[in-house]
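K.L.:
Below are the sequence and a predicted model; questions follow.
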Amino acid sequence: MKEKIKCSGIIMLILFAFAGNASAHKFYVSLCQISYNRDSAQLQIVMKIFTDDLEKAVSQEEGKTLKLGSENEREDSDSLLSAYLMKHFQIHIHGEEIPVHYLGKEVSYDVTWCYLESFPDREFYHLTVDDDLLTEVYPGQINLVEVMLNGREKGVMLNHDRTTGTVNFK
C-alpha cells in the first residue's frame, strides 16, 4: 500500500512538473526510464528533461550555448550533451560502474528527450543509479528514475542531497 501511495505521488509530481510551458515552469524535475531488454541484453535509457534547464546546466559547465531544437543549434551540441550526461549520470551493477553510451536526442517544444544505452555483462537483480543532473544549477532539482526489469517496475527519487539510489528486484 505504501508503494502505491508513493507511486501515485510521483505520478502527480510528474504531471504537474511537465504541464504548462517551459518559460513559466517552476518545478525542476527530470524523468529517467531504464528498461532492460532481455533479448538484446541491453539497458535502454530514456531521459525527459526541460530544455531550458538542460541548456543552462551545459552552458554553466561548458561555457557554450546549445540552442537545442533551433536552427541556430550548435553543431557540437550532441557531443557537449553527451559529455554532460556521462559526467552526471552513471549506473552500477553489483558495485561496478557499467559503460553508458549516448545515442542521441529529440527536442520537442520545451523538453529534450535523451537516449542512452548500456550492455550489462551479467544478470542482475539490483541496480544503483548516480544521477545529479541539473542539481548544480537548481538545488531544488528532483530526478525521478524508473527501472523496469522482468515486467516489474521500481523507482527512486533523487535530489541535490541524495544523488544515488538503488532499486532491488529480489
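P.N.:
All right, it came through fine. This is a predicted model, so every value here is computed, not measured.
K.L.:
drop to CA atoms for contacts and neighbour counts, all remaining ones
P.N.:
Noted.
K.L.:
Please tell me how far stretch 129-145 is from the chain's geometric centre.
P.N.:
The chain centroid and the centroid of stretch 129-145 are separated by 9 Å under C-alpha atoms, centre = their mean, to the nearest Å.
K.L.:
Any buried residues in that stretch, and which?
P.N.:
Across stretch 129-145, burial judged by 16 or more other C-alpha atoms under 10 Å covers 129-135, 137-138, 140-145.
K.L.:
Among the residues you listed, which lie within strands?
P.N.:
The strands, defined by DSSP state E, take in 129, 130, 131, 142, 143, 144, 145 from these.
K.L.:
with these in mind, which one is nearest to residue 112?
P.N.:
For those, the residue nearest residue 112 by C-alpha to C-alpha is residue 143; the value is 14.5 Å.
K.L.:
which residues sit in contact with the closest one?
P.N.:
The contact partners of residue 143, by C-alpha atoms under 8 Å, 6 or more residues apart in numbering, come to 29, 30, 31, 32, 131, 132, 133, 157, 158, 159.
K.L.:
Now the element after the lowest-mean-pLDDT helix or strand in the chain, going C-ward?
P.N.:
In the chain, no helix or strand scores lower on mean pLDDT, DSSP states H and E than helix 2-17, which sits at a mean of 46. Counting by DSSP states H and E, the next helix or strand C-terminal to helix 2-17 is strand 29-37.
K.L.:
hmm, who's touching that next one?
P.N.:
Under the criterion C-alpha under 8 Å, 6+ apart, residues 14, 17, 42-50, 141-150 lie in contact with strand 29-37.
K.L.:
where's residue 48 relative to residue 116, distance?
P.N.:
Distance of residue 48 to residue 116, given as C-alpha to C-alpha, to the nearest Å: 12 Å.
K.L.:
Is residue 81 in a helix, a strand, or coil?
P.N.:
Secondary structure, DSSP: H, G, I helix; E, B strand; the rest coil: residue 81 is helix.
K.L.:
do residue 55 as well
P.N.:
helix.
K.L.:
doesn't residue 68 make contact with it?
P.N.:
Yes. Residue 55 is in contact with residue 68 according to C-alpha atoms under 8 Å; the separation is 7.4 Å.
K.L.:
mind checking how far stretch 74-93 is from the chain centre?
P.N.:
Remark: stretch 74-93 is offset 11 Å from the chain centroid, using C-alpha atoms, centre = their mean.
K.L.:
contact partners of it?
P.N.:
Outside stretch 74-93, the residues touching it (C-alpha under 8 Å, 6+ apart) are 58, 61-62, 65-68, 97-100, 102, 104-105, 120, 124, 126-133.
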